[in-house]
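>>> Here is a sequence together with a model predicted from it:
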Amino acid sequence: MQTTIRWLLPFLLLGQAHAQELVVNGGFEVHQRCPERFDKRPMRGVEALRTIGGMPGYFHACSAVMGTPANWAGVQAPYEGEAYAGIVLTAHGGGECAVREFVQLELTEPLKNGGKYRLSFMVSLADRSGYMTDRIGASFSAKDRSREKGLSSAFGRPDVDNPMNRFITDSSGWMLVEGVFNARGGERYVQIGNFQLCDRTSRKAVTANRGDGLMHNMKRKGEADLDPDKARGMRRKLLATQAYVYLDAVSLMPIGANEDVNTLSQAIACPLDPGRPAEAIDLVPDPGFDRTIPAHRSSWRNASGGTPDFEEGRTGIYLYSAVNADHREYIQTPLKERLDPCGQYDVRLRVLRNSTYAYAVDRIGVALTEDFENDRRRDLLSFPLLWEIGHAGVMDDTGQWTILCGQFEGGGCADRLLVGNFSSDDSTIIVQHDPSDGPFAYYFVDDISLWRTGTIDGCTTPCPEALVVATNTVDTVPETPRWPMDLHFAVNDHVPGDDLMPAAEELFQVLAAHPKAQVRIEGHTDDTGTAAANLKLSERRAVAVRNELLQLGLSRKQLIVVALGSSEPVDTNSTEEGRARNRRVRIVVQGLGE
């Protein structure tokens, strides 16, 4: 695909500032006294460090018992300097939340709302640790949490987290854990530990069965029983049931300039609003969202696993989710004709932030593709991005629409346009307003237009064919509608699949021509369950299809739900293929002759 990009939107590049370390004593080097014992609050006196839960260890070269590299938990040289910390992440057996340990470090200054910061730290599995885990992360707070009884309020919602299945296995070296934090503003502390929900932490025994048939961990317990220092022996015995790691080199650095975030102004968003010339053809069939009910093949559609709010005259989508990383909503529409790889195009749209949601972002863009299929996921889409507003300021106007505009060249032979935030959370500036509002950056979009402005000099790349994809005319009712129509389901499933939308499109066309017709929605199952269970499952399937059709705009008065269980199979239940055909919802249109 031949694609180049040029902008009507100039970058507002933030000034580059010298990187500044924001963690106080991240290497645990500054301390007032040498640690003497593991059971005598060894972290007392370490500058700018607090503990939460249990009794995290402090190891320094000045100590014989809590020393580096050798200490009661194993042998490991510090990643830097002469010191490191030690924490329990999880333990074998029930109630593992109670044994978790956390350390809290101070920051040199409050973080800025919308600022991006890279947190990193090094971890190493202690030699005597009986288990390993992949769960370690960090949480930021504006207040000191060290006086709280625990951090359960942050469980399940770490700000930075080690990837799943990336187990901390190295006991001879150090492993890097890092991530980008989108600050909410005012954070002064960072806590490090295991923030997984209770009793859901993945863990593995460090050593499997040895040649003599005894578990290595059990051997360690036996050795601990023989330790002349009974307290140390007891601690080592517990360690054989725990995932214990050393922690060193905690660092937080601002990404880019550590300045206040700019708000996008209309003068920057579209400095010379061209508007679409009267003679130019708008390639978007429904730029103003006036045909959001899918009676037309030219209507806008959902392009992800989200649920965009299609309203008359506008549509609402979220461009950022504080609940799940990189979750998005996208919308898509067919174009009136395929793009020309040699074409030059202008794009224009309006956005308005919904003030009932807590976040604002700086990113929205347009992607183009051929043969689009919605896979129902909420992750980032990876289609070729032809235009994006970014680094120009946060879209924060909740009272007036902001016009965005830009230009691009190329676009291949795309026949479909998608709109949303195609940048990751790490690349998106995110500003939080009232934290009690909804956990999304939610925007209305409207008047999305795309038109051709010229041809790239010297370009001669043609499309295989010129195909008209959509028109402004109402689609006619198919001459041979496929009624009744069956929607199929997986075993014990009642959620409609991708075959619902094509069926809904044809259904809307039929009902547009026959407004008095009724739609009978029959739920069916195979015969693998009891009669009562099958009847209930068939009802859930039929109701789920009805609810989807209601959301698309059908009238409840036209929909009739019937649950038939396994009483009316269309194929044998003695084969898997036959049972798959019987697991269905049948849509029957009644009254077509009226």
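In hand now; what should we look at?
>>> Quick one: residues contacting residue 403.
By CB atoms under 8 Å, 6 or more residues apart in numbering, residue 403 lies in contact with 266, 269-270, 273, 348-350. Every residue, glycine included, has its C-beta placed from N, CA and C.
>>> Apologies, that question was intended for residue 195.
135, 137-139, 151, 154-158, 161.
>>> repeat that with 10 Å
100, 102, 135-139, 151-152, 154-161, 201 (CB atoms under 10 Å, 6 or more residues apart in numbering).
>>> Could you pick out which of these are located in strands?
Using DSSP state E, 102, 137-139, 160-161 are the members of the contacts of residue 195 that sit in strands.
>>> Show me which of the residues you listed is closest to residue 88.
residue 102 (9.6 Å; CB to CB).
>>> what's the distance between that closest one and residue 556?
Note on residue 102: its distance to residue 556, by CB to CB, to the nearest Å, is 52 Å.
>>> Mind checking which of these two has more residues around it?
Using other CB atoms under 10 Å, the more surrounded residue of residue 102 and residue 556 is residue 102, with 25 against 9.
>>> Spatially, what comes nearest to the more buried one if we skip its sequence neighbours?
residue 193 (3.6 Å; CB to CB, 6 or more residues apart in numbering).
>>> For burial, what's the neighbour tally of that neighbour?
28.
>>> pLDDT (mean, whole number) over stretch 186-194?
Stretch 186-194 shows a mean pLDDT of 97.
>>> Revised request: answer the last question for stretch 421-436.
88.
>>> so where is the stretch 1-150 of the chain shaky, pLDDT-wise?
In the predicted model, the stretch 1-150 of the chain carries pLDDT under 70 at residues 1-19, 38-40.
>>> again, only using 50
Along the stretch 1-150 of the chain, the model assigns pLDDT under 50 to residues 1-18.
>>> hang on, residue 91 packs against residue 198?
No: applying CB atoms under 10 Å, one finds residue 91 not in contact with residue 198, separated by 11.9 Å.
>>> What separation do you get for the closest residue to residue 141 other than its chain neighbours and residue 248?
Spatial nearest neighbour of residue 141, excluding adjacent residues (CB to CB, 6+ apart): residue 189 at 5.1 Å. Residue 189 sits 19 Å away from residue 248, going by CB to CB.
>>> Comparing these two, which residue is more hemmed in?
residue 248 (25 against 18).
>>> Residue 51: neighbour count?
21.
>>> After the strand or helix carrying it, which helix or strand is next? Please name it.
Secondary structure from DSSP states H and E places residue 51 in strand 49-52. On the C-terminal side of strand 49-52, the closest following helix or strand by DSSP H and E is strand 57-60.
>>> Export stretch 499-514 to PDB, keeping only CA atoms.
C-alpha atoms of stretch 499-514 as PDB (Å, rounded to 0.1, in the frame of the first residue of the first chain):
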ATOM      1  CA  ASP A 499     -24.300 -14.100  12.100                       C
ATOM      2  CA  LEU A 500     -26.800 -11.900  13.900                       C
ATOM      3  CA  MET A 501     -25.900  -8.600  12.200                       C
ATOM      4  CA  PRO A 502     -26.400  -9.900   8.600                       C
ATOM      5  CA  ALA A 503     -29.700 -11.300   9.700                       C
ATOM      6  CA  ALA A 504     -30.700  -8.000  11.300                       C
ATOM      7  CA  GLU A 505     -29.800  -6.100   8.200                       C
ATOM      8  CA  GLU A 506     -32.100  -8.300   6.000                       C
ATOM      9  CA  LEU A 507     -34.800  -8.200   8.700                       C
ATOM     10  CA  PHE A 508     -34.800  -4.400   8.800                       C
ATOM     11  CA  GLN A 509     -35.200  -4.300   5.000                       C
ATOM     12  CA  VAL A 510     -38.100  -6.600   5.100                       C
ATOM     13  CA  LEU A 511     -39.900  -4.800   7.900                       C
ATOM     14  CA  ALA A 512     -39.300  -1.400   6.200                       C
ATOM     15  CA  ALA A 513     -41.400  -2.800   3.300                       C
ATOM     16  CA  HIS A 514     -43.900  -4.700   5.600                       C
END
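>>> Next, the buried residues of it.
Of all the residues in stretch 499-514, those buried under the rule 16 or more other CB atoms under 10 Å are 500, 503-511, 514.
>>> quick one: average pLDDT of that stretch?
Mean predicted lDDT for stretch 499-514 stands at 78.
>>> in the stretch 201-350 of the chain, what spans have low per-residue confidence?
208-216, 218, 224, 294-297.
>>> Please, where are all the strands along it?
Secondary structure of the stretch 201-350 of the chain (DSSP state E, counting those that start in this stretch): strands located at 203-205, 242-254, 301-302, 309-311, 314-321, 331-334, 343-353.
>>> And those: which comes nearest residue 64?
When these are ranked by proximity to residue 64 (CB to CB), strand 242-254 comes first, at 17.6 Å.
>>> what comes up buried for stretch 352-371?
352-354, 357-369.
>>> Same check on stretch 299-319?
299-304, 306, 308, 310, 314-319.
>>> before we move on, back to that, who does the strand holding residue 51 touch, helix- and strand-wise?
Applying 3 or more CB pairs under 10 Å, 6 or more residues apart in numbering; DSSP states H and E, we find strand 49-52 packed against strand 57-60, strand 83-91, strand 102-106, strand 189-193.
>>> Tell me, how many residues neighbour residue 493?
Other residues within reach of residue 493, judged by other CB under 10 Å, total 14.
>>> Partner strands of the longest strand along the chain, with direction?
Scanning the chain for the longest strand, with DSSP E as the assignment, gives strand 440-455. Sheet pairing of strand 440-455 (DSSP bridges) gives strand 314-321 (antiparallel), strand 343-353 (antiparallel).
>>> Using CSV, write down the CA coordinates of it.
The C-alpha trace of strand 440-455 is given here as CSV (Å, rounded to 0.1, in the frame of the first residue of the first chain):
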residue,chain,number,x,y,z
PHE,A,440,-13.8,6.2,30.5
ALA,A,441,-12.8,8.9,28.1
TYR,A,442,-16.1,9.1,26.3
TYR,A,443,-16.7,11.3,23.2
PHE,A,444,-19.5,12.0,20.8
VAL,A,445,-18.5,12.1,17.2
ASP,A,446,-20.5,13.6,14.3
ASP,A,447,-20.2,15.0,10.7
ILE,A,448,-17.4,12.6,9.6
SER,A,449,-16.6,13.4,6.0
LEU,A,450,-14.0,12.2,3.6
TRP,A,451,-13.5,13.6,0.1
ARG,A,452,-10.9,13.5,-2.7
THR,A,453,-8.8,16.6,-3.3
GLY,A,454,-6.3,15.6,-6.0
THR,A,455,-3.9,13.0,-7.4
